[in-house]
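>>> Just need the structure, nothing else, for what follows:
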Amino acid sequence: GSGAGASAPPPISPGRLRIGAASDTACASAAASGSASPTATICGTIPPPPLITALAAVCSAEVGMRSSAIALSLGVALHAINILVATTILPSVVQDIGGLDLYAWNTTLFVVASILGSALSARLLSGYGARSAYLVASLFFIAGAALCALAPSMPVMLIGRTVQGFGGGLIFALSYAMINLVFEQRLWPRAMALISAMWGIATLVGPAVGGIFAELNAWRWAFGILLPIMALYAAFTFLILPKGKAQQAAAPLPTAQLLLLTVAVLVVSAGSLAHSAWINLAGIALSLVLMAWLLKREAHSRARLLPHGALRRGSSLAALYITTALLVIGMTSEIFVPYFLQLLHGQSPLISGYIAAAMAAGWTLSEILSSGWRGAGIRRAIVSGPLFVLVGLLALAILMPMPSGGHWQALAPIVIALLLVGFGIGFGWPHLLTRILQVAPEADKDIAGASITTVQLFATAFGAALAGMIANLAGLNDPGGATGAASAARWLFLA
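So this is what the prediction gives:
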């Protein structure tokens with residue numbers, strides 16, 4: 001009946017089908033008796049059709065891939081935004097708490113810590129799974145941002161940037177590792193372009209956040225605002241990424257190579273604090289010796305930073321790594337661009353941040369443009385890219401040191417030159433990185449994914465250390481002021 005006392009029929013569980021008026025009692029009786037009556041047949045389990053099973057598997061895979069793509073995209077975007085925020089507000093930080101002679105150390109220590117994080121990412125991912133790896137990375141990032149927001153002096157600021165860099169390096173490298181795990185090989189160039197698109201978003205958001213807080217004399221809040229955002233990101237990745245641990249054994253950690261790599265960068269930075277050119281040259285010489293030792297150790301070690309055979313004579317991987325490193329070193333002069341624009345061209349923190357971001361914008365634009373190219377187009381992109389970089393750097397060496405009132409006739413050529421540098425780097429970038437993943441041995445795909453970030457970050461750290469050395473020797477701190485900044489700009493872009 002349909003009266004108020006009538007109970008609703010129980011739900012039918014997935015994979016079960018009850019036809020007609022067969023009751024639960026009848027079904028239970030038939031099952032207990034083991035009879036082959038019509039009732040038993042009616043109440044039996046009817047498996048879903050094969051087509052439905054296949055569609056469910058495809059949908060599940062699609063959802064997982066999209067969720068992972070969102071996680072890696074947001075992670076790269078937050079990492080990139082943080083870098084551009086810090087670049088934009090650093091002149092304001094120096095004005096508030098001092099430390100102009102340590103200006104480049106903010107980038108150097110951040111990137112050295114990022115190298116350590118990126119090198120540990122493959123071990124973390126293989127040993128504990130994506131969810132735990134992203135959670136650890138997010139917590140380090142949050143702790144570093146909090147230290148930066150509260151820093152009373154430049155040394156404390158540098159500690160915060162180091163911790164933040166470690167978390168950022170983990171997030172950045174995990175993104176490349178997830179490309180190898182989530183996407184088919186034919187989609188790798190598109191996935192690289194997806195990461196570049198996040199840098200494009202960062203070029204819009206990062207300078208705005210840093211510039212607005214700098215103009216409000218509240219640079220600390222530029223770091224503080226990252227805290228709730230990263231907390232939400234940590235919660236998001238914790239919810240959508242797989243829970244279980246990976247079944248692979250954790251890869252051995254290349255401790256000796258990481259130590260040598262770190263010291264090789266820091267000795268150049270330490271030498272840059274001295275006014276003597278001989279001490280600076282000695283720092284570079286010692287760094288080269290340490291790098292040679294690193295390469296020898298890497299070639300004979302079971303725990304490696306690079307895929308097996310990457311350092312052999314004639315190796316395709318060696319050529320690819322050298323090319324990517326040189327391109328990145330050419331871009332590290334960017335860290336001083338906001339300072340030069342504010343001091344020599346009278347720009348506000350907000351405007352100088354956006355102008356400096358032109359390099360990243362050019363990189364993103366050219367990488368998205370060339371990511372779908374095939375065959376001869378790939379070769380043209382890789383070969384012509386460095387020519388754009390050379391033209392852009394020469395133009396900056398001429399234009400940046402010339403003080404101006406900030407009118408557009410002076411700033412427009414500077415913006416174009418910055419765009420050219422970034423455009424040249426990004427032109428062949430997705431194909432260089434895709435090639436690294438393609439030629440790496442199958443057993444070392446995870447190491448290859450992490451090595452992309454390790455090499456890129458090492459080049460950034462080494463380039464930043466060299467940039468700091470050149471700028472200080474050219475007079476950035478002594479005599480300082482507009483005269484020192486003009487001299488530093490000239491020599492920095494020429495070198």
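>>> that's a helix at W363, yeah?
Yes. Applying DSSP: H, G, I helix; E, B strand; the rest coil, one finds W363 inside a helix.
>>> Can you give me the neighbour number for it?
25 (other CB atoms under 10 Å). For every residue, glycine as well, the C-beta is placed using N, CA and C.
>>> Likewise for V93?
Using other CB under 10 Å as the criterion, the residues surrounding V93 number 22.
>>> wait, doesn't it sit right on M157?
Yes. With contact defined as CB atoms under 8 Å, V93 counts as touching M157 (6.7 Å).
>>> what residues are shared contacts of the two?
Common neighbours of V93 and M157 (criterion: CB atoms under 8 Å, 6 or more residues apart in numbering): G99.
>>> Flag every buried residue along the helix or strand hosting A318.
Per DSSP states H and E, A318 falls inside helix 316-329. For helix 316-329, the neighbour count (16 or more other CB atoms under 10 Å) marks 317-318, 320-321, 323-325, 327-329 as buried.
>>> which of those residues lies closest to P349?
Lowest distance from P349 to the buried residues of helix 316-329 (CB to CB) belongs to V328, with 25.4 Å.
>>> which residues touch the closest one?
By CB under 8 Å, 6+ apart, the residues touching V328 are 425, 456, 459-460, 463.
>>> Skipping adjacent residues, who's closest to it in space?
Distance criterion CB to CB, 6 or more residues apart in numbering; nearest residue to V328, sequence neighbours excluded, is A459 at 3.8 Å.
>>> Buried only: go through the contacts of V328 for me.
Buried members of the contacts of V328, scored by 16+ other CB under 10 Å, are 425, 456, 459-460, 463.
>>> I'd like those residues as JSON lines, with pLDDT, distance to L399 and secondary structure appended.
Shown next, in JSON lines, are the buried ones among the contacts of V328 (pLDDT from 0 to 100; distance: CB to CB, whole Å; DSSP: H, G, I helix; E, B strand; the rest coil):
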{"residue": "I425", "pLDDT": "90", "distance to L399": "19", "secondary structure": "helix"}
{"residue": "Q456", "pLDDT": "83", "distance to L399": "27", "secondary structure": "helix"}
{"residue": "A459", "pLDDT": "89", "distance to L399": "25", "secondary structure": "helix"}
{"residue": "T460", "pLDDT": "87", "distance to L399": "24", "secondary structure": "helix"}
{"residue": "G463", "pLDDT": "89", "distance to L399": "21", "secondary structure": "helix"}
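>>> Show me the helices in the stretch 301-450 of the chain, by range?
Taking DSSP state H, counting those that start in this stretch as the criterion, the stretch 301-450 of the chain carries its helices at 316-329, 337-344, 349-356, 358-370, 376-399, 408-427, 429-439, 445-473.
>>> For I81, find the nearest of the ones you listed.
Comparing the helices of the stretch 301-450 of the chain by CB to CB, helix 358-370 comes nearest, at 10.7 Å.
>>> quick one, strands of the chain?
With DSSP state E, there are no strands along the chain.
>>> okay, which residue is most central for it?
When CA atoms, centre = their mean is applied to the chain, the residue found nearest the centroid is F172 (3.2 Å).
>>> Go ahead and confirm it touches I115.
No. In this structure, F172 is not within contact of I115 by CB under 8 Å, at 10.4 Å.
>>> Tally up the residues packed near L181, please.
By other CB under 10 Å, the residues close to L181 number 16.
>>> Output the below-cut-off pLDDT ranges for this structure.
1-68, 180, 182, 196, 242-251 (pLDDT under 70).
>>> G127 and A234, how far apart?
19 Å (CB to CB, to the nearest Å).
>>> Who has more neighbours out of these two?
More crowded of G127 and A234, by other CB under 10 Å: A234, with 18 against 15.
>>> hmm, back to that, could you tell me the angle between the helix holding A318 and helix 376-399?
30 degrees (axes from the mean of the first three to the mean of the last three CA atoms, to 10 degrees).
>>> before we move on, back to that, pick out whichever of the contacts of V328 sits closest to W219.
Distances from W219 to the contacts of V328, taken by CB to CB, are shortest for T460, at 22.6 Å.
>>> quick one, what contacts the closest one?
The contact partners of T460, by CB under 8 Å, 6+ apart, come to 107, 111, 328-329, 331-332.
>>> just the residues you listed now: which is nearest F183?
Checking the contacts of T460 against F183 by CB to CB gives V328 as the nearest, at 23.7 Å.
>>> Dump the contacts of V328 to TSV, plus distance to R304.
Output for the contacts of V328, formatted as TSV (distance: CB to CB, whole Å):
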residue	distance to R304
I425	27
Q456	17
A459	18
T460	21
G463	24
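>>> quick one: the closest residue to A137 other than its chain neighbours and F183, what's the gap?
Leaving aside its sequence neighbours, A137 sits nearest to L170 (CB to CB, 6+ apart; 3.5 Å). Distance of L170 to F183, given as CB to CB: 20 Å.
>>> quick check, nearest of the contacts of T460 to S366?
The shortest approach to S366 among those belongs to M331, at 12.7 Å (CB to CB).
>>> show me the residues around that closest one that make contact.
Counted by CB under 8 Å, 6+ apart, M331 has contacts 359, 363, 389, 421-422, 425, 460, 463.
>>> same deal with S348?
211, 215, 342.
>>> follow-up on the earlier one: tell me the spacing between the residue nearest to V328 and G422.
Taking CB to CB, one finds A459 at 15 Å from G422.
>>> circling back: which of the contacts of V328 lies closest to L135?
For the contacts of V328, the nearest to L135 is Q456 (23.9 Å; CB to CB).
>>> Test my guess that that closest one contacts T324.
Yes. The pair Q456 / T324 is scored as a contact, 6.3 Å apart, by CB under 8 Å.
>>> Next one: G480 from G283, what distance?
From G480 over to G283 the distance is 22 Å, taken as CB to CB.
>>> more crowded one of those two?
Each of G480 and G283 has its neighbours counted (other CB under 10 Å); G283 has more, 23 against 14.
>>> give the contact list for that one.
Per CB under 8 Å, 6+ apart, neighbours of G283: 267-268, 270-272, 469.
>>> what does S451 give?
With CB under 8 Å, 6+ apart, S451 has these contacts: 305-307, 310, 321, 436.
>>> Columns distance to P152 on top of those residues, output as CSV?
Below are these laid out as CSV (distance: CB to CB, whole Å):
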residue, distance to P152
L305, 36
L306, 40
P307, 44
A310, 44
Y321, 40
I436, 43
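>>> between these, which is closest to G377?
For these, the nearest to G377 is I436 (18.7 Å; CB to CB).
>>> I'd like the distance between that closest one and V415.
For I436 relative to V415 (CB to CB), the value is 32 Å.
>>> Those two: who's more crowded?
More crowded of I436 and V415, by other CB under 10 Å: I436, with 23 against 17.
>>> Please name the nearest non-neighbouring residue to the more buried one.
L320 (5.2 Å).
>>> Could you pull out the helices in the stretch 151-300 of the chain for me?
So, for the stretch 151-300 of the chain - with DSSP H, counting those that start in this stretch - the helices run 154-182, 188-215, 219-224, 226-240, 255-272, 277-300.
>>> I'd assumed A489 was in contact with L344.
Yes. Applying CB under 8 Å as the test, L344 and A489 come out as touching, 7.1 Å apart.
>>> residue contacts, the closest residue to D96 other than its chain neighbours?
Distances taken as CB to CB, 6+ apart put W219 closest to D96, at 6.9 Å, once the chain neighbours are dropped. Contacts of W219 were listed using CB under 8 Å, 6+ apart, and they are 89, 92-93, 96, 210, 213.
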